[in-house]
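Novice: Sequence first, then the predicted structure, then my questions.
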Amino acid sequence: MPVDKMVDLSGRQLRRLPLHICSFRELVKLYLSDNNLNHLPPELEQLQNLQILALDFNNFKALPLVVCTLKQLCILYLGNNKLCSLPLELRLLQNLKTLWIESNCLQHLPEVVCELSLLKTLHAGSNALRTLPAQLRGLQELRTIWLSGNLLSEFPPVLLHMPFLEVIDVDRNAIRFFPSLAHLPGLKLVIYDHNPCRNAPKVAKGVRRVGRWSEESPEPRKRTYGLADLPPREPHGLAFPPFPLLRCPSPAGSHHAR
């Protein structure tokens, strides 16, 4: 059992999880990113103290149900797989606060996500989402939602009824018009660039906007944005995701918050 209760097997080209890892019953963090995994052994259920599980950059076409037995999970990385859906059993992860499902094959945001009552951060960019379920408004702990690189043709109406949201990212979609967001008292940042819109969303004083005409109102005027206009980068797993979501060579596991 590692002294720091963490195992990092990222970037090992693994096709299966070594079974002896499942004997480390006090394990808190398990990083399996950037491998060739498409299943997990049922013995993983023994890791009932696990709080962080990283399965991103693998070959999962379905989330192994054994993951849904790990009821202490707070952070789950599932990005850059081949997921088209999520199992209903995901609702068992009632301690989950951060969920990464970016860069998968999701055409709809699975409604089971709306049952994760403690969820604070949802990363769902680079999928094929066209709408969001109305049930999302029930996630009253949700503070940041990242939806860049999807197929949204309108600003998701449900977000207008989520006054507790602090960060909304709808960059790189197909939104042609933005409604006013000035009534959202918790909003701190909205990213709306790279949409075919003809207006900037109205926001309350002090809210930061990233997109065309964000500092110009009401007449739109062409403006070129550079790196200085992007939100600050923070490590994977914290407030801001890599921008844009590109896979860059780095030491194994270095893109996760430790």
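Specialist: Perfect, I can see it now.
Novice: number of nearby residues for Val66?
Specialist: By other C-beta atoms under 10 Å, 18 other residues sit near Val66. All C-beta spots, glycine's among them, are computed from the backbone N, C-alpha and C.
Novice: er, Val158 I mean
Specialist: Per other C-beta under 10 Å, the neighbour tally for Val158 reads 17.
Novice: Confirm that it sits in a helix.
Specialist: Yes - per DSSP: H, G, I helix; E, B strand; the rest coil, Val158 lies within a helix segment.
Novice: Distance-wise, check it relative to Gly11.
Specialist: 38 Å (C-beta to C-beta, to the nearest Å).
Novice: got any ranges where the chain has weak pLDDT?
Specialist: 215-258 (pLDDT under 70).
Novice: would you list every one of the strands in it?
Specialist: Along the chain, the segments classed as strands by DSSP state E run 6-8, 29-31, 52-54, 75-77, 98-100, 121-123, 144-146, 167-169, 189-191, 208-210.
Novice: What about the nearest residue to Cys22 once chain neighbours are set aside, how many residues nearby?
Specialist: In this structure, Cys22 finds its nearest non-sequential neighbour in Glu43, 3.9 Å apart by C-beta to C-beta, 6 or more residues apart in numbering. Residues contacting Glu43 under the criterion other C-beta under 10 Å number 14.
Novice: Same question for Pro2.
Specialist: Neighbours around Pro2, by other C-beta under 10 Å: 12.
Novice: ok, now Glu111?
Specialist: Using other C-beta under 10 Å: Glu111 sits among 14 other residues.
Novice: With His20 instead?
Specialist: His20: 8 neighbours (other C-beta under 10 Å).
Novice: what's the distance between it and Leu27?
Specialist: Note on His20: its distance to Leu27, by C-beta to C-beta, is 11 Å.
Novice: still on that earlier bit, of all the strands of the chain, which one comes closest to Glu115?
Specialist: Minimum separation from Glu115 across those (C-beta to C-beta) falls at strand 98-100, 11.8 Å.
Novice: which helices and strands does that closest one pack with?
Specialist: strand 75-77, strand 121-123 (3 or more C-beta pairs under 8 Å, 6 or more residues apart in numbering; DSSP states H and E).
Novice: So what's the gap between it and the chain middle?
Specialist: Its chain's C-alpha centre and that of strand 98-100 lie 5 Å apart, by C-alpha atoms, centre = their mean, to the nearest Å.
Novice: which non-adjacent residue is nearest Ala204?
Specialist: Ala182 (4.9 Å).
Novice: And for Ile175?
Specialist: Asn195 (4.3 Å).
Novice: which ones are touching that neighbour?
Specialist: Neighbour list for Asn195: Val170, Asp171, Arg172, Asn173, Ala174, Ile175, Arg176, Gly211 [criterion: C-beta atoms under 8 Å, 6 or more residues apart in numbering].
Novice: before we move on, what about Leu152?
Specialist: Residues counted as contacts of Leu152 (C-beta under 8 Å, 6+ apart) are Leu129, Arg130, Thr131, Val170, Asn173, Ala174, Ile175.
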